[in-house]
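1. quick one, structure for this:
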Amino acid sequence: MRSWKGIEILKNRIAFIIVLGIVIIMLFPIIWMVTTSFKNSVDSMSIPPKWFFQPTAENYESILKNQDFINAFKNSLLVAGISLAIVLIIGLPGAYALERFNFKRKKDLAFWILSTRMAPPIGVLLPFYLMFRRFNLTDTRISLILMHITINLALTIWVMRGFFREIPYELEESAQIDGCSTLGSFFKIILPLSINGIISTAILGFIFSWNDFIFASVLAGGSSRTLPVVVARFIGYYEIKWGELSAGGVVAIIPAIIFIGFVQKYLVRGLTFGALKE
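-> Numbers count the residues shown, from 1 in each chain. All right, here's what the predicted structure looks like:
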């Protein structure tokens, strides 16, 4: 018994060391970015890297005084917020209808919606660019909002469809017997019970919109540039401003961390409880 107990303790310690190593590997880029953001231009370029240095806030002062950076931050908030709101307004009723109602070629429609998410971003970028250029929407926030709606809508419908499937239909029948309409039961019964899935979907959609670079770098320009595009401009032809680049990265991840921190408890339950299955 003692030998088996010793083996179990050894296994637990090995597992702990492995998990700790994985966590360190995953967090190391963020730690590196944060420390570099507080280095001056000389320390950030030093080889070997300096782990002990005199911290400075000059990189943060530089980017926060940069009007292009401030405008890009506002653009990212607008694009992510507006596109996410529209996606939820359209996607939640769409997912409910796709799950609860029976109609001709329902499975074909569901697969077509999913297929829009299968396409690689670079494969749909050129057609959308040509379409937006024809309607004079390039270099505008509207083009990015429409693009993000297109990409996130399929994800929202499929995730929420699986979540709605887990809610017993008898709850809606009971509400309808009491005089509640289909639309009323959707708002009063289904949505409150689906809050975990809604928040999980909102987080995934927000992160995609906030981090998008490929669409923003092509469709946006001038005053409509978003944060990832402006941060990438710190990488020049002859010089990389490591301090400002790192400071911009730190500022860029703060809203996502705050958003996820507030709704973290809903995220895990939403992603597991709303698992997709046919």
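2. which helices and strands does the helix or strand in which V231 is found pack with?
-> Using DSSP states H and E, V231 falls within helix 227-232. Packing partners of helix 227-232 (3 or more C-beta pairs under 8 Å, 6 or more residues apart in numbering; DSSP states H and E): helix 67-100, helix 214-219, helix 242-262. Yep, even glycine has a C-beta here, placed from its N, CA and C like the rest.
3. hey, which of the ones you listed is tucked in deepest?
-> Mean neighbour count (mean count of other C-beta atoms under 10 Å) peaks for helix 214-219 among the helices and strands packed on helix 227-232, with a mean of 21.
4. other residues contacting the helix holding V231?
-> By C-beta atoms under 8 Å, 6 or more residues apart in numbering, the surrounding residues in contact with helix 227-232 are 68-69, 72-73, 75-76, 210-213, 216-217, 220, 245, 248-249, 252.
5. tell me how many other residues crowd I47.
-> I47 sits with 5 neighbouring residues when counted by other C-beta atoms under 10 Å.
6. can you pull the pLDDT of V124?
-> Looking at V124, its pLDDT reads 83.
7. ok but it is inside a helix, no?
-> Yes - under DSSP: H, G, I helix; E, B strand; the rest coil, V124 falls within a helix.
8. now for it, how many residues are close by?
-> Number of residues near V124 (other C-beta under 10 Å) recorded here: 15.
9. contacting residues around it?
-> For V124, the contact set (C-beta under 8 Å, 6+ apart) is empty.
10. can you give me the distance of it to L109?
-> 19 Å (C-beta to C-beta, to the nearest Å).
11. once you drop chain neighbours, what's closest to G222?
-> Closest residue to G222 apart from its sequence neighbours, by C-beta to C-beta, 6 or more residues apart in numbering: D139 at 5.6 Å.
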